[in-house]
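Engineer: just coords:
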């Protein structure tokens, strides 16, 4: 069409100038050469083109939408859009190969052993040796590759660090909780200045208790260690001391009886461990029945983080993996620990599994029932074969990548994927190390592959 416009414009110029011109047509470029003595006619524009080089033309001066003038094109600068007149490097390289046949430019099931035109006057496309390999690959021209922006990257080994993020709460270590309860009928004579929330240390006095059973056992033990007449006093003394221990009398009280050789009226009960007083039920003058809990003390130096991991992420979590816990009460601070226990049950309402992480708590910052967020490192420290995530096309039932075979040929290949992290995905099967995979515009290549497959099936059906 542009060639027709050019000839028409030149004819108009000849009629307007009133000067004789000789119009010749060269072969095969079909470029129009104007010979004449009028220099003004040679420099006069024959049409106008978009200033950005877009395929938009006008016979009269025109402006773009943003107010820029169309570029005037004189006869000397006219271009020819005939593909035969513009040999490119790709065409020059293709001329070195042997043409097998010519195919219909519209993809119809029609081929010809010699150059041919279709009913619309379009030239049939040459098919060279190697271009019609039926291996499932896709062949794209360099121009199409450039327009689609297809890029490739070799598959290489990388360390994939997959992070599982989940919320949770802080809980007490069940192994670090102590309860002070009487094992015989007793009376509380005095309670130390200890309240709920107080921090106590091992051996710190908590209360004075009078118990008839304890006093009787203490008198019997004192009689055995002070008597020198009975031959089996040593064995008898061990039995009496064991009775005091069975009544949970503190070791400090037993040592005081041995040292002073006096049976005390009341026994001083002390804290069995360092920790925080969670409950104080002891009241001065109260009567305590056997089994009555008077104090409950918990050690906060080590806490548990109970994390609720989604069911879909449970398969990646295993015992011994490192975890980072952040408390919402302390922004910017991290607590490190390891996965110690994976509880063998799934919450049917939330579809989560609970795991336990032990966290050192030397400054007692973590408190019971505090909300936290955990990041569990489920990746491996060994490098694995990986490609960018954009290279993998996931259809739900299978994953596919395009292998760049070079010279514009791309081969679709099914792969098996693994862990994902930081924009990369592990490839467990389907791609070898060093093979180039398409990392961008692979969906366009896939569309081209589907189109060619459809045209091929249509051609085979028409031939049958």
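Structural biologist: It's in. Treat the numbers as computed from the prediction; the structure is a model and nothing was measured.
Engineer: Which stretches in the stretch 351-464 of the chain count as strands?
Structural biologist: Secondary structure of the stretch 351-464 of the chain (DSSP state E, counting those that start in this stretch): strands located at 352-360, 371-377, 384-388, 393-394, 399-406, 409-421, 424-429, 436-440.
Engineer: give me the low-pLDDT residue ranges for the stretch 301-450 of the chain?
Structural biologist: Where the stretch 301-450 of the chain drops to pLDDT under 70, the residues are 379-380, 442-450.
Engineer: The residue lying closest to residue 158 once chain neighbours are set aside: neighbour count?
Structural biologist: Distances taken as CB to CB, 6 or more residues apart in numbering place residue 386 nearest to residue 158, at 4.5 Å, with adjacent residues excluded. Every residue, glycine included, has its C-beta placed from N, CA and C. Look at residue 386: counted by other CB atoms under 10 Å, it has 25 neighbours.
Engineer: contacting residues for residue 386?
Structural biologist: By CB atoms under 8 Å, 6 or more residues apart in numbering, the contact set of residue 386 is 155, 156, 157, 158, 160, 424, 425, 426, 427.
Engineer: Just the buried ones from these?
Structural biologist: Listed as buried from those are 155, 160, 424, 425, 426, 427; burial here means 16 or more other CB atoms under 10 Å.
Engineer: and the residue nearest to residue 158, bridged to which residues?
Structural biologist: residue 156, residue 426 (DSSP bridges).
Engineer: ok, now residue 205?
Structural biologist: Bridge pairing for residue 205 - DSSP bridges - gives residue 270.
Engineer: thought residue 203 was touching residue 271?
Structural biologist: Yes. Counting by CB atoms under 8 Å, residue 203 does reach residue 271; the two are 6.6 Å apart.
Engineer: Which one's more surrounded, those two?
Structural biologist: Using other CB under 10 Å, the more surrounded residue of residue 203 and residue 271 is residue 271, with 21 against 13.
Engineer: where does the more buried one fall, phi/psi-wise?
Structural biologist: The phi/psi pair for residue 271 (degrees, to the nearest 10) reads phi -70, psi 130.
Engineer: so what's it up against?
Structural biologist: Residue 271 touches 180, 200, 201, 202, 203, 204, 206, 295, 297, counting by CB under 8 Å, 6+ apart.
Engineer: And those, which is the shakiest by pLDDT?
Structural biologist: Note: of the contacts of residue 271, the lowest pLDDT belongs to residue 203, at 89.
Engineer: Excluding residues flanking it in the chain, which one is nearest that one?
Structural biologist: Take residue 203 and drop its neighbours on the chain: the residue closest to it by CB to CB, 6+ apart is residue 270, 5.1 Å away.
Engineer: ditto for residue 105
Structural biologist: Sequence neighbours aside, residue 122 is the residue nearest to residue 105 in space, at 4.7 Å (criterion: CB to CB, 6+ apart).
Engineer: next one: residue 360
Structural biologist: That would be residue 302: by CB to CB, 6+ apart, it lies 6.0 Å from residue 360.
Engineer: on that earlier part again, tell me how far the residue nearest to residue 158 lies from residue 438.
Structural biologist: Using CB to CB, to the nearest Å, one gets 15 Å for the distance from residue 386 to residue 438.
Engineer: What is the neighbour count of residue 265?
Structural biologist: Per other CB under 10 Å, the neighbour tally for residue 265 reads 9.
Engineer: That one: what secondary structure?
Structural biologist: Secondary structure for residue 265, judged by DSSP: H, G, I helix; E, B strand; the rest coil, is coil.
Engineer: now do residue 313
Structural biologist: Under three-state DSSP, residue 313 falls in the helix class.
Engineer: right, and it touches residue 166 too?
Structural biologist: Yes. Between residue 313 and residue 166 there is a contact at 7.3 Å, judged by CB under 8 Å.
Engineer: Thank you, goodbye.
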